[in-house]
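In: pasting the sequence and the predicted coordinates here, then a few questions.
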Amino acid sequence: MFEQGLQTIFREAWPTVDIKAKEFDFMLQRRFVDGCFDPALQQFLRLHARNDDFEATVAKARQYMDAQDQAKMAAVGKKPNVRFAMSEPEPNQI
C-alpha cells in the first residue's frame, strides 16, 4: 500500500514527468526507503538495493519482509526443549 500511495503522490505532484526517468526513480526509491517503518529493513535496502531501480527495491523489501515473517512463524512453531535436573537424593540414599 505504501508503494502505491507513494507512486500516486508522485504522479499528482509531477503529472507530466515520466516516473521511470532516472532522477525521479531515484527520488521515489529514496522516499520509499526513508518511509519504511522497520529500521532493519531500511538498513538492508540501503546496503543491498543501492544500485537498483524503484521496482527492484520494492521487490527486495517484499522478499525481506516475507523472510522475516517466515522466521517468526518458524520460531513460534518450535517447542522449547525442557530438561529436568535430577531430583535431590533421599536422605536414606546418602
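Out: Okay, I see it. Numbers count the residues shown, from 1 in each chain.

In: tell me what whatever helix or strand A67 lives in is packed against?
Out: Using DSSP states H and E, A67 sits within helix 54-77. Here helix 54-77 touches helix 22-35, helix 39-48, going by 3 or more CB pairs under 8 Å, 6 or more residues apart in numbering; DSSP states H and E. In short, each C-beta sits where N, CA and C put it, glycine included.

In: off-centre distance for the first one?
Out: Centroid separation between helix 22-35 and its chain, computed with CA atoms, centre = their mean, to the nearest Å, is 17 Å.

In: same deal with the last one?
Out: Relative to the centre of its chain, helix 39-48 is centred 8 Å away, using CA atoms, centre = their mean.

In: hang on, the earlier thing: how far does the helix holding A67 sit from the chain's center?
Out: 6 Å.

In: show me where pLDDT drops low in this protein?
Out: 77-91, 93-94 (pLDDT under 70).

In: report the buried residues of stretch 29-45.
Out: Within stretch 29-45, the residues scored as buried using 16 or more other CB atoms under 10 Å are 29, 32-33, 36, 41-42, 44-45.

In: ok, now stretch 52-62?
Out: 54, 57-58, 60-61.

In: between those residues, which sits nearest M1?
Out: V58 (11.7 Å; CB to CB).

In: tell me how far that closest one lies from V76.
Out: 27 Å (CB to CB, to the nearest Å).

In: do D34 as well
Out: D34 is 31 Å from V76, where distance means CB to CB.

In: over to R31?
Out: Taking CB to CB, one finds R31 at 33 Å from V76.

In: what do you get for D53?
Out: From D53 to V76 the distance is 35 Å (CB to CB).

In: try Q42
Out: 25 Å.

In: number of residues surrounding M27?
Out: If you count neighbours by other CB atoms under 10 Å, M27 ends up with 15.

In: on the three-state scheme, the closest residue to it other than its chain neighbours is what?
Out: Nearest residue to M27, sequence neighbours excluded (CB to CB, 6 or more residues apart in numbering): F10, at 7.7 Å. When classified by DSSP: H, G, I helix; E, B strand; the rest coil, F10 comes out as helix.
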